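A.B. asks: return a 3D structure for these sequence lines:
(one chain, ligands or ions: 2)
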Amino acid sequence: MAALILFGGGGDLAMRMLLPSLYFLDHDGLLPQGLKIIGAARSQETVEDYIAKVRQAVQPRAEADDAWDEASWARLAARLDYLAVDATDAESLRALKARSGEGDTVSFLAVSPSLYGRIVTAMKAAGLAEKNDRIVLEKPVGRDLESFLEIDDAVAHAFDERQVFRIDHYLGKETVQNLIALRFGNAIFEPLWNNLTIDHVQITVGETVGVGDRWPYYDEYGALRDMVQNHMLQLLCLVAMEPPSDLDPDSVRNEKVKVLRSLRPVTAEDAERVTVRGQYVEGAVEGRTVDSYETERGQPSDTETFVAIRADIDNWRWAGVPFFMRTGKRLPEKRTEIVIQFKPVPHSIFGHGERGAIYDNRLVIELQPDEDISLSVMNKKPGLEQRMQLQPIQMSLSWGQDGKDAAPPRRRIAYERLLLDALHGDSTLFVRRDEAEQAWKWIDEVADAWACRECRPLDYDAGTWGPEAADLLLSRTGRKWNAR
Ligand SMILES: NC(=O)C1=CN([C@@H]2O[C@H](COP(=O)(O)OP(=O)(O)OC[C@H]3O[C@@H](n4cnc5c(N)ncnc54)[C@H](OP(=O)(O)O)[C@@H]3O)[C@@H](O)[C@H]2O)C=CC1
Ligand SMILES: O=C1O[C@H](COP(=O)(O)O)[C@@H](O)[C@H](O)[C@H]1O
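C.D. replies: Ligands and ions are numbered 1, 2, ... in the order given. As a prediction, the model looks like this:
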């Protein structure tokens, strides 16, 4: 690969995520030799100014990880270039093509998706969509199935599917990949991974941040399209998919598509029973008073900042096992986790547990704030009590927890993995067209059901776990959200 072109190379995503990731990769000697990195945006600035701006963004990030090194920076700086272009204009892109030199390119579109269609058309005309070139697309691609297809058709006109890398940065997270390792690298879990042993699954992506300045984008999308359509459904797929025959991109993605196809549609009749929409009003998060969403937005809005939803997967493995998902802004904690709740023992010889339930096991895959996989198992409480008492203990299954390797490796930015894979042409951790299509189809059904029932978001105080209805979603079925 000769050049990586960052369209929108001066924007927030590029400066906060992409360029620091490229620094770390170069620092670790992982970038291809001779690879040029070209920032491309409309602003007129010199290459020197651009490099100075990149340094300002990268250095504090690297220092925070104790990984700043002048030699690594010099190596990255030597690769950097900048060209002012209007990416929707073919003439402008011809100059960029010339600047990228001989050889194949990877173009990362870190610009508004509303420009994708025009940009790919211009790229094709400018010779940046030749058979060995690749394109990386940031989410959100579209706002519903129709707009997704419109944009994606334009992409398909310029690039073959094998050249297209649709990013879902959750797939670049270490623990998400570890989930694949856990499920398919160990024989012990597979016999348990079904409706005979698993009671239900919970997926929580809680954020303390509010929407803030992002409201022009967010108000149009809401939590359903911003988080559930992509990150949460991807996590669900990785938990629910059948074992792929190998780690080939298509083997993995074929299995994920089957899960998406098996999702039971949410109908208007079901909407109130299986979904909850919420919007934060003022409250306190991490000890600080914060405004309501509508105050940030500056006017009333029907956009949800919280979603809880029960998904049912209609196939043999998962029949009768609900997958509960919840995500929201201004929740009490930044917490991302997948909880696999196993069924209780069929009969307890120890009486009943402290929670009033018969003893059960739980596998918690924590992505944020810490990365960990832990299994709770019942254990005898030490002591000489007449009647044996049990207590749950957590067995951590993560690296660095076996006592031999005390310091875990640096926690990488998810984009490091994904940029590297795009440079190597490995699309396993990227979303295929039919996956995105199926995900949009299901999301559209939810959105239509809400529209049909005129489901307005319920208020929740900032700093709480969403509207009470989100707890009811589980408690109605005798379950509750995992608390720590
Ligand atoms: N920021 C984030 O954390 C995340 C962002 N994303 C997605 O990434 C994409 C970019 O987001 P973000 O970085 O926040 O956006 P910004 O608005 O910060 O950056 C957009 C960039 O695009 C450039 N640009 C705009 N129009 C053109 C054009 N016609 N030709 C060339 N360059 C152009 C702008 O520079 P100039 O004005 O100089 O042209 C700017 O560098 C969006 O799709 C967003 O949804 C996804 C996940 C997270
Ligand atoms: O894609 C997005 O993800 C972030 C959350 O990402 P995380 O890696 O910090 O969990 C979310 O804040 C944003 O709204 C959404 O667009």
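A.B. asks: show me what the helix or strand hosting residue 51 is packed against.
C.D. replies: Taking DSSP states H and E as the definition, residue 51 sits inside helix 47-64. Helices and strands touching helix 47-64, by 3 or more Cβ pairs under 8 Å, 6 or more residues apart in numbering; DSSP states H and E, are helix 19-27, helix 70-79, strand 80-84. (Each C-beta comes from the backbone N, C-alpha and C, glycine too.)
A.B. asks: establish whether that helix and ligand 1 are in contact.
C.D. replies: No - using Cβ under 6 Å from any ligand atom, helix 47-64 stays clear of ligand 1, with a minimum separation of 10.6 Å.
A.B. asks: how distant is that helix from the center of its chain?
C.D. replies: The chain centre lies 26 Å from the centre of helix 47-64; the measure is Cα atoms, centre = their mean, to the nearest Å.
A.B. asks: what comes up buried for stretch 278-292?
C.D. replies: 278-281, 283, 285, 290-292 (16 or more other Cβ atoms under 10 Å).
A.B. asks: ok, so of the residues you listed, who is nearest residue 326?
C.D. replies: Nearest to residue 326 out of the buried residues of stretch 278-292 is residue 278 (Cβ to Cβ; 9.4 Å).
A.B. asks: where does that closest one sit: helix, strand or coil?
C.D. replies: strand (DSSP: H, G, I helix; E, B strand; the rest coil).
A.B. asks: measure it to residue 233 for me?
C.D. replies: For residue 278, the distance to residue 233 equals 19 Å [Cβ to Cβ, to the nearest Å].
A.B. asks: could you do residue 384 as well?
C.D. replies: Separation of residue 384 from residue 233 (Cβ to Cβ): 51 Å.
A.B. asks: between these two, which one's more packed in?
C.D. replies: A count of neighbours by other Cβ atoms under 10 Å puts residue 233 above the other of residue 384 and residue 233, at 29 against 4.
A.B. asks: quick check: phi and psi on the spatially closest residue to residue 453 that is not a sequence neighbour?
C.D. replies: Ranked by Cβ to Cβ, 6 or more residues apart in numbering and with sequence neighbours excluded, the top spatial neighbour of residue 453 is residue 271, at 4.9 Å. In terms of degrees, to the nearest 10, the main-chain angles of residue 271 are phi -50, psi -50.
A.B. asks: counting neighbours, what do you get for residue 271?
C.D. replies: Residue 271: 21 neighbours (other Cβ under 10 Å).
A.B. asks: that one touches residue 452, doesn't it?
C.D. replies: Yes - look at residue 271 against residue 452 with Cβ atoms under 8 Å: they come within range, at 7.5 Å.
A.B. asks: and the residue of the stretch 201-350 of the chain found nearest ligand 1, how many residues sit next to it?
C.D. replies: Per Cβ to the nearest ligand atom, residue 217 is where the stretch 201-350 of the chain lies closest to ligand 1, at 6.4 Å. Residue 217 has 13 neighbouring residues, counting by other Cβ under 10 Å.
A.B. asks: circling back to that earlier point, average model confidence for the helix holding residue 51?
C.D. replies: Mean pLDDT, computed over helix 47-64, is 98.
A.B. asks: one step back: for the residue nearest to residue 453, what are its contacts?
C.D. replies: Contacts for residue 271 (Cβ atoms under 8 Å, 6 or more residues apart in numbering) come out as 446, 449-450, 452-453, 455.
A.B. asks: can you pull out the strands in the stretch 351-484 of the chain?
C.D. replies: Along the stretch 351-484 of the chain, counting by DSSP state E, counting those that start in this stretch, strands occupy 362-368, 372-380, 390-396, 458-461.
A.B. asks: ok, which of those strands comes nearest ligand 2?
C.D. replies: Proximity to ligand 2 (Cβ to the nearest ligand atom) singles out strand 362-368 among those, at 5.9 Å.
A.B. asks: each with direction, which strands does that closest one pair with?
C.D. replies: When pairing is defined by DSSP bridges, strand 362-368 lines up against strand 335-342 (antiparallel), strand 372-380 (antiparallel).
A.B. asks: ok, and what's touching that strand?
C.D. replies: If you take Cβ under 8 Å, 6+ apart as the criterion, strand 362-368 is touched by 170, 173, 175-176, 178-179, 182, 334-342, 372-376, 482.
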